[in-house]
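> below: sequence and its predicted model.
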Amino acid sequence: MSRIPLSALIGLVLTAAFFLTAIFANLLAPYGLNETIGDVWENPFWSAEPSQYLLGTDNIGRDLLSRMIYGCQITIFLATAATIVSFTTGSILGFTAAVVGGWVDQVMSRLVDLFMSLPSLILALVILSVMQVTLPVLIIVIGLLDSTRVYRLARAVAVDIVVMDYVEAARLRGEGTKWIVLREILPNALSPLVAELGLRFIFAVLFISTLSFLGLGVQPPLADWGGMVKENKEGLVYGVSAALVPAIAIAALAISVNLVADWILNRTTSLKGGRGA
Amino acid sequence: MPDILLDVRNLKIGATVYPPGEPPQKIEIVHGVSFTLEKGKVLGLIGESGAGKSTIGLSSMAYGRGGVRITGGEVFVNGRDILKEGAAGLRALRGQEVTYVAQSAAAAFNPAKRIMEQVIETTLMHGLATRAEAEKRAVTLFRKLGLPNPDTFGNRYPHQVSGGQLQRAMTAMALCPEPDLVVFDEPTTALDVTTQIDVLAAIKEAIHATGVAALYITHDLAVVAQVSDEIMVLRHGKTVEYGPVAQIIEAPQEDYTRALVSVHAIAHEEKKPTAEPILKIENVTARYKGTHFDVLKNVSVELHPGQTLAVVGESGSGKSTLARAITGLLPPAKGRITFAGRELSPALKDRRPDDLRELQMIYQMADVAMNPRHTVGTIIGRPLEFYFGLKGEAKRKRVQELLDEIEMGKGFIDRYPAELSGGQKQRVCIARALAAKPRLIICDEVTSALDPLVAAGILRLLLNLQQIEGVAYLFITHDLATVKSIADSIAVMYQGAVQRYGGKTDVLTPPFDDYTDLLLSSVPEMKLGWLEHVLAHRKMESAGN
């Protein structure tokens, strides 16, 4: 582990910090999520006349730092759950399509093409506007929409592996589809999928933030970063920076996870240590 | 004082390796090799894979492939040390004084351009001739190399000619700039044996007609003996033996050279058919889905328990398809396959567990026949668990027994395939097949990807195992030397049909049909003047023409 490049190291440290914040949010936050403690939009520490609250207060006088910390928890929890959903469904369906082949593959792949031809944001907005928006619904909608991308990748990687002689040998032995998918294909397809995992996580974060900003994501009293940008955006006109804080947090999380994903991608796709090594 | 063209002195070549999980390491792959080549002579470089023969060959163009660097020594071409040349000097050298013929012509030609364009490209680039002159030269070379319709051959695209013709076109490309030296890097290795002989003859003829000097790189001593004046045997980047061709073939000094010369000397007595056949194939006809062409035409053969049936033929003859039909991967359209007294259902999914267990397969490329993420213990252990329900300590013990049986011993059970040599990988595949206690093993070109000495070891192992386990082999190969040393009966296949079939002695005894004669006579023999002898006596042109 001595040869981690600086960019990846920064990414790792920041990502770890975000996740630790999410896990220990209840211990770290000085005030409650919905506790009104001061005036509207009190000044943060970097202004000329700082208030007693580190990041100031939001549009109805709640401590912004506490809300940022709880927001971190919600955002990361949703994104992680959605990524797990998209990965399990996407990769299992993708592998199955590659192994079974024939019309099963055709039907599933064309269906995925159909979903991918529709802009996923608009599709999500339509679905969420007719359903009651709860956390499980959000997770499933985002997870399933994202799983089409994972399906594509998993199938592409698996069709390369399915034609290998060791898969044929397993078939001749009489192994079932489950063994072939889980024991022959999955271990060999793992590295490109893990690299993709980081990218998909970021897309999930952005997707959730976008939905919340549009008002169809996380609903009050819960709050995520996208929703906090929305609540405080009016303040930007008066020179209040409260909306920028969650926006910066989203960008920082995206960049730090990307730095890590980039590093993994580089390691797994380099010519010297390819998939086989 | 003869006219020295190429003088290599104490050549050292290094490379950087990237072991997984460790920092890159610098290693030396060629340790001080020296040789000289006179004008108009041919030097054969021979050795197994990893011997450094291609690397040494390319150093005569001052070129290092991949991460390879020339780290020491001197290479003189026409009296100039080319390792001291700058980029401009090297550009003038390559493609003008020294040219190169690669192993796979199919991969070396640009499929989007006509052959003529590519053959004369270097000549024009170096300004050695006008376009009209270069085309005239190319046509002359096409004629010398025995290509059909030499006047119009160049107008074709690479995919419109056969592999053997393309390899000759590449030789024309190398000879067109009228170089002093041509480096042939395994020019016939990827070709069928019947095509190889024509290309070999054409290359030999062209070398003599143009008076060019050549480095001929190959792993096949019998081939290089036909074209070379001198031979240098290499191993692990060092010279083993270097001398005139007659001395190397007829009176080798070193043990390693002697082993190479006598590599095909495994003797195997033909066994007579004994009991009921274990495998009976009757009138099998098969075609691939969506095509209208039978790849197997009415094939009928039998195999007796504990014996070996060799299926021989060139690529495209349907021999691997026969294996797919037997294993159920390609259900035959017509015909019956009977195995151990029961009729096999055509499709794999309808077969009984015992059918699957007793019929095992070993593949050509051991690399891709094993899951790179499984250890040797898992690879060999899985059939034990799957068929016999062995678990834990009992499984591990049986795996170790199998490893002992394939002469690998302790210390391999927890290794991954990437940590094994080519021969060891193939042995593990054999152990995996044996683990199922099969009655028949289909061996699909199992020795083709291996170096001659390693291949001989595998063949000996297979013969021993046959004695101990009484297993029958269906041995698919294009290599007739292998067939002679292992088979009890032989089926010669040509264009999907069985051309000749019977006991080994019968099949290999004249009179032959024309195709069998061509196939048998095309196998390079380890003696001088074999090529000329064969070309003067054969009855049928190769399929590659």
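Thanks, I have the structure now. Residues are numbered from 1 along each chain as shown, chains lettered A, B, ... in the order given.

> only C-alpha atoms for contact and neighbour calcs from this point on.
Fine.

> would you mind listing what in chain B touches chain A?
For chain B, the residues in contact with chain A (Cα under 8 Å from any Cα of the partner chain) are B:18, B:20, B:327, B:348-349, B:353, B:356-357, B:360-361, B:363, B:368-373, B:383, B:418.

> residue contacts, the residue positioned nearest the centre of chain A?
Among the residues of chain A, A:F201 comes closest to the average C-alpha position under Cα atoms, centre = their mean, at 2.5 Å. Counting by Cα atoms under 8 Å, 6 or more residues apart in numbering or on different chains, A:F201 touches A:79-80, A:83.

> can you tell me which of the residues you listed comes closest to chain B?
Checking these against chain B by Cα to the nearest Cα gives A:T83 as the nearest, at 25.4 Å.

> would you agree that closest one is in contact with A:L197?
Yes: between A:T83 and A:L197 a contact is recorded at 7.4 Å, counting by Cα atoms under 8 Å.

> related to what we said a few turns ago, of the residues of chain B next to chain A, which belong to strands?
Per DSSP state E, strands hold the following members of those: B:360-361.

> could you list which of the residues of chain B next to chain A belong to helices?
B:327, B:353, B:356-357, B:368-369, B:383 (DSSP state H).

> of those residues, which pair is most distant in space?
B:P353 and B:V368 (24.5 Å; Cα to Cα).

> neighbour count: the two, which is higher?
More crowded of B:P353 and B:V368, by other Cα atoms under 10 Å in any protein chain shown: B:V368, with 18 against 12.

> tell me the pLDDT of the more buried one.
We have a pLDDT of 86 for B:V368.

> distance of it from B:Q467?
Computed with Cα to Cα, to the nearest Å, the distance linking B:V368 and B:Q467 is 28 Å.

> swap in B:G409?
B:G409 sits 20 Å away from B:Q467 when distances are taken as Cα to Cα.

> what do you get for B:L296?
B:L296 is 32 Å from B:Q467, by Cα to Cα.

> now residue 258: which helix or strand?
Let's take chain A. For A:N258, the host element (DSSP states H and E) is helix A:244-269.

> please go with chain B instead
Per DSSP H and E: helix B:255-261 holds B:R258.

> ok so, going back, show me which of B:L296 and B:Q467 is the more surrounded one.
Neighbour count, other Cα under 10 Å: between B:L296 and B:Q467, B:L296 has more, with 27 against 13.

> A strand includes that one, no?
Yes: assessed by DSSP: H, G, I helix; E, B strand; the rest coil, B:L296 belongs to a strand.

> got any ranges where the chain has weak pLDDT?
As the question left the chain open, I've gone with chain A. Scanning chain A for pLDDT under 70 picks out the ranges A:1-2, A:268-277.

> um, chain B though
If you take pLDDT under 70 as the line, chain B has these spans: B:1-2, B:19-22, B:264-267, B:539-545.

> any idea how far whichever residue of it sits closest to chain A lies from B:V428?
Closest approach between chain B and chain A, counting by Cα to the nearest Cα: B:A369, at 4.2 Å. For B:A369, the distance to B:V428 equals 10 Å [Cα to Cα].

> and what of B:G146?
Applying Cα to Cα, the value for B:G146 to B:V428 is 45 Å.

> which of those two has more neighbours?
B:V428 (25 against 20).

> got a list of contacts for the helix or strand that contains that one?
For B:V428, the host element (DSSP H and E) is helix B:422-435. Helix B:422-435 is contacted by residues B:360-363, B:366-367, B:369-370, B:376, B:379-381, B:383-384, B:399, B:402-403, B:405-406, B:408, B:417, B:441, B:446, B:450, B:454-455, B:458 when judged by Cα under 8 Å, 6+ apart.

> neighbouring strands for the helix or strand following it, and are they parallel or not?
Per DSSP H and E, the first helix or strand lying C-terminal to helix B:422-435 is strand B:440-444. Take DSSP bridges as the rule and strand B:440-444 pairs in its sheet with strand B:359-362 (parallel), strand B:472-477 (parallel).

> following strand B:440-444, which helix or strand comes up?
Taking DSSP H and E, what comes next after strand B:440-444 is helix B:452-469.

> buried sites along that following helix?
Applying a neighbour-count criterion of 16 or more other Cα atoms under 10 Å in any protein chain shown, one finds B:452-456, B:458-463, B:465-466 buried in helix B:452-469.

> would you list these in a markdown table and tack on distance to B:E230?
Supplementary listing: the buried residues of helix B:452-469 in a markdown table, determined by distance: Cα to Cα, whole Å:
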| residue | distance to B:E230 |
| --- | --- |
| B:P452 | 21 |
| B:L453 | 22 |
| B:V454 | 25 |
| B:A455 | 26 |
| B:A456 | 26 |
| B:I458 | 30 |
| B:L459 | 30 |
| B:R460 | 31 |
| B:L461 | 34 |
| B:L462 | 35 |
| B:L463 | 36 |
| B:L465 | 40 |
| B:Q466 | 41 |
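
> nearest to A:L259 among the residues you listed?
Nearest to A:L259 among those: B:V454, at 46.6 Å, using Cα to Cα.

> OK, contacts around the closest one?
Contacts of B:V454 by Cα under 8 Å, 6+ apart are B:G423.

> ok, the next helix or strand along the chain from the helix holding B:R258: who's next to it in the sheet?
Using DSSP H and E, the helix or strand that follows helix B:255-261 in sequence is strand B:279-287. Note on strand B:279-287: by DSSP bridges, its sheet partners are strand B:294-303 (antiparallel), strand B:334-339 (antiparallel).

> buried deepest among those strands, which one?
The highest mean neighbour count among the strands paired with strand B:279-287, using mean count of other Cα atoms under 10 Å in any protein chain shown, belongs to strand B:294-303: a mean of 20.

> distance from the chain centre to it, please.
With Cα atoms, centre = their mean, to the nearest Å as the basis, strand B:294-303 stands 26 Å off its chain's centre.

> what residues does that strand touch?
For strand B:294-303, using Cα under 8 Å, 6+ apart, the contacting residues are B:277-288, B:309, B:317-318, B:321-322, B:335, B:472, B:474, B:491, B:495-498, B:501.

> change it to 7 Å
B:277-287, B:309, B:318, B:496-498 (Cα atoms under 7 Å, 6 or more residues apart in numbering or on different chains).

> tell me which element B:E117 falls in.
Short version, using DSSP H and E: B:E117 is in helix B:115-119.

> do the same with B:R396
helix B:392-405.

> sheet partners, orientation included, of the helix or strand encompassing B:I27?
B:I27 is part of strand B:25-38 when elements are defined by DSSP H and E. The strands beside strand B:25-38 in its sheet (DSSP bridges) come out as strand B:4-17 (antiparallel).

> right, and A:S91 touches A:R152 too?
No: counting by Cα atoms under 7 Å, A:S91 does not reach A:R152; the two are 8.6 Å apart.

> neighbour count: these two, which is higher?
Under the criterion of other Cα under 10 Å, the comparison of A:S91 against A:R152 puts A:S91 first, with 25 against 19.

> kindly list the main-chain dihedrals of that one?
Main-chain dihedrals, A:S91, degrees, to the nearest 10: phi -80, psi -40.

> give me the domain ranges for chain B.
Following automatic domain parsing, one gets these domains for chain B: B:4-261, B:279-504+B:516-525.

> save those domains as a markdown table, and put in distance to A:Q106 too.
Shown next, in a markdown table, are the domains of chain B (distance: least, Cα to Cα, whole Å):
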| stretch | distance to A:Q106 |
| --- | --- |
| domain B:4-261 | 31 |
| domain B:279-504+B:516-525 | 17 |
